[in-house]
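Undergrad: let's see this in three dimensions:
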Amino acid sequence: MARQFTMNRVGLWLLVVLVLFYNGICINVSTRPEVVTVGVMFSFNSVIGKPSKIAVEAAVEDINSNPGILKGTKLNLEMKDTNYSEFLGIVEALKFMEKEMVAIIGPQSSVTAHLISHLANVLQLPLLSFSSTDPTLSPIEFPFFVRTAQNDLYQMAAIAELVDFYGWREVIAIYEDDDHGRYGIAALGDKLAEIRCKISYKAALSSDPTRDEITDLLVNIAMSSESRILVVHVPGSWGPIVFSVAQHFGMLSKGYVWIATNWLSTVLDTNSPLAQDAMDNIEGVLTLRMYTPESELKRKFISRWSNLTRRKVVDGGHIGLNAYALYAYDTVWLLARALDAFFEQGGNISFSNQSQASTLQQGGNDLKVFNGGKLLLRNILQVSMNGLTGQVRFTSDRNLIHPAFEVINAIGNGYRRIGYWSNHSGLSILPPETLWSKPPNRSSSNQKLHDAIWPGPTTEKPRGWTFLNSGRHLRIVLETEEE
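TA: Residues are numbered from 1 along each chain as shown. Down below sits the predicted model:
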């Protein structure tokens, strides 16, 4: 009898434990919040920001209209315009962190990303940036920073291989003197050194240079450097002024080579068609564009673009679709997929005070640690999906898979693609995805591009250097013997 009572009591306790365990799991899975809020911050009126804002808003609309994505939870984005200001970017990030948000999409600037990523580490708040491409934003130092576009390390590798492909050995680097500019050019120097090339002259400009400052810099380059290969790594907001000044001083004539990083293709895509005088200033220039393979998903979005932009009026002008906007759209979807997995695994939205966060609060900010930050970050890095930019998945070093760029040549009143660069196969006239399934072939005979139009304009490849004229005449005296 006692034994039967004991067995019944054990069975009762097992039943209670199972009920509690079952209810606990059900609570974790079923208690999804009605709304989850994410902060978004970048410069809405910038060349990158104009189309990206439209793309981000379209992504939220698409996600919330599909009940199968977040299963009843609505994604709410609180968007802030940082208006080209690093300081304002930091202020807005702090405001977001006080509001107990689960993630921030942004910032646009690599400088701001460096600063707020330290806070994100403490608060365990994922930052997803589709435009902070500085290669020194490493996952080791900044584990909660997630770059959702191509790393500039690959862009600099592409430029180095272009230099090598055409047989040049030295380049001049013109760049903005901030984290993005300095570290990008440092990466270019490293990639050039790997192929026994080098940067012979580094020319830094302030973050908001005057036309006179740009003039002084270009005149100094023309007078002091033999190289005629110029790489321009600056923001799209004032990059075109560099070419306007160069045109004025005859530095876009035959013999010169200009290679712009992807800021120029972004300007062309966003503001197209450019005025003819602006196109004349970049005749023969090479630039890169982040490559996104063709797909039905991308084609449908492109066909929607005119309807999406019709609702938006920015200075009354046309807003073209650029590569950053495609990555911005995919970033929102990436986060939504990760949040769905987070909730499926029992993740809850909760925050707490911890020692490091309490120290930050002493400065007057009500900052708390996101308890689910590590779980959400893990799910972000494990997402594998097909987006507008192709297959979205991270490598073990947390870069996007299949880094690739288009090589663009500005000509006449437009531009044309003369080939591609990919980390897998180097320079090719074939789309990168057609080569991913094949063994990599980096032999010189396998590196190919279509013919380019160079400044002049000319189809003759520039030799890339010239003899300097010191301004002094060489006197030659001939002596003859008297008879």
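Undergrad: tell me where the stretch 1-150 of the chain has strands.
TA: 35-42, 74-81, 104-105, 127-129, 145-147 (DSSP state E, counting those that start in this stretch).
Undergrad: adjacent strands (with direction) for the shortest one?
TA: Taking DSSP bridges as the criterion, strand 104-105 forms sheet pairs with strand 35-42 (parallel), strand 127-129 (parallel).
Undergrad: so which of the ones you listed comes closest to residue 282?
TA: strand 35-42 (25.4 Å; Cβ to Cβ). All C-beta atoms are positioned from the backbone trio N, CA, C, and that covers glycine.
Undergrad: can you list contacts of the closest one?
TA: Strand 35-42 has contacts (Cβ atoms under 8 Å, 6 or more residues apart in numbering) with 48-49, 52-53, 56, 70, 73-82, 89, 92-93, 96, 99, 101-108, 131, 335, 339, 349.
Undergrad: same check on stretch 291-311?
TA: For stretch 291-311, using Cβ under 8 Å, 6+ apart, the contacting residues are 51, 54, 58, 318-319, 321, 323, 326, 329, 386-390, 404-406, 420, 422, 431-433.
Undergrad: give me that answer again for 6 Å
TA: The contact list for stretch 291-311 (Cβ atoms under 6 Å, 6 or more residues apart in numbering) reads 54, 58, 319, 321, 326, 388, 389, 390, 404, 405, 406, 433.
Undergrad: wasn't residue 157 part of a helix?
TA: Yes: assessed with DSSP: H, G, I helix; E, B strand; the rest coil, residue 157 lies in a helix.
Undergrad: close enough to count as contact, it and residue 191?
TA: Yes: contact criterion Cβ atoms under 6 Å: residue 157 and residue 191 qualify, at 4.9 Å.
Undergrad: about what we covered before: now distance to residue 136, mean neighbour count and mean pLDDT too, for the strands of the stretch 1-150 of the chain, in JSON lines please.
TA: JSON lines is the format used below for those (distance: least, Cβ to Cβ, whole Å; neighbours: other Cβ atoms under 10 Å; pLDDT from 0 to 100):
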{"stretch": "strand 35-42", "distance to residue 136": "20", "mean neighbour count": "22", "mean pLDDT": "94"}
{"stretch": "strand 74-81", "distance to residue 136": "25", "mean neighbour count": "16", "mean pLDDT": "94"}
{"stretch": "strand 104-105", "distance to residue 136": "20", "mean neighbour count": "26", "mean pLDDT": "96"}
{"stretch": "strand 127-129", "distance to residue 136": "14", "mean neighbour count": "27", "mean pLDDT": "96"}
{"stretch": "strand 145-147", "distance to residue 136": "11", "mean neighbour count": "26", "mean pLDDT": "97"}
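Undergrad: tell me which of those lies nearest to residue 120.
TA: That would be, of the strands of the stretch 1-150 of the chain and by Cβ to Cβ, strand 127-129, which comes in at 5.0 Å.
Undergrad: quick check, residue 399 in contact with residue 151.
TA: Yes: assessed by Cβ under 6 Å, residue 399 is found in contact with residue 151 at 5.1 Å.
Undergrad: give me the more crowded residue out of those two.
TA: Using other Cβ atoms under 10 Å, the more surrounded residue of residue 399 and residue 151 is residue 151, with 21 against 18.
Undergrad: and that one, how far from residue 139?
TA: Using Cβ to Cβ, to the nearest Å, one obtains 11 Å as the distance from residue 151 to residue 139.
Undergrad: do residue 95 as well
TA: Residue 95 sits at a distance of 26 Å from residue 139 (criterion: Cβ to Cβ).
Undergrad: ok, now which ones touch residue 177?
TA: Residue 177 makes contacts with residue 204, as judged by Cβ under 6 Å, 6+ apart.
Undergrad: average pLDDT for stretch 408-419?
TA: The pLDDT scores in stretch 408-419 average 94.
Undergrad: scratch that, stretch 182-199
TA: 96.
Undergrad: which residues are contacting it?
TA: The contact list for stretch 182-199, computed with Cβ under 6 Å, 6+ apart, reads 134-136, 152-153, 156-157, 160, 163-164, 169-171, 173, 175, 233.
Undergrad: how near is the nearest residue to residue 96 once chain neighbours are set aside to residue 348?
TA: The shortest distance from residue 96 to any non-neighbouring residue, by Cβ to Cβ, 6 or more residues apart in numbering, is to residue 39 (3.6 Å). According to Cβ to Cβ, residue 39 stands 19 Å off from residue 348.
Undergrad: test my guess that residue 323 contacts residue 290.
TA: Yes: counting by Cβ under 6 Å, residue 290 is a contact partner of residue 323 at 4.2 Å.
Undergrad: sec struct for residue 161, please.
TA: Residue 161 - assigned by three-state DSSP - is helix.
Undergrad: what's the neighbour count on it?
TA: Neighbour count for residue 161, taken as other Cβ under 10 Å: 19.
Undergrad: out of the contacts of stretch 182-199, which is most surrounded?
TA: Among those, the one with the most neighbours (other Cβ under 10 Å) is residue 171, at 27 neighbours.
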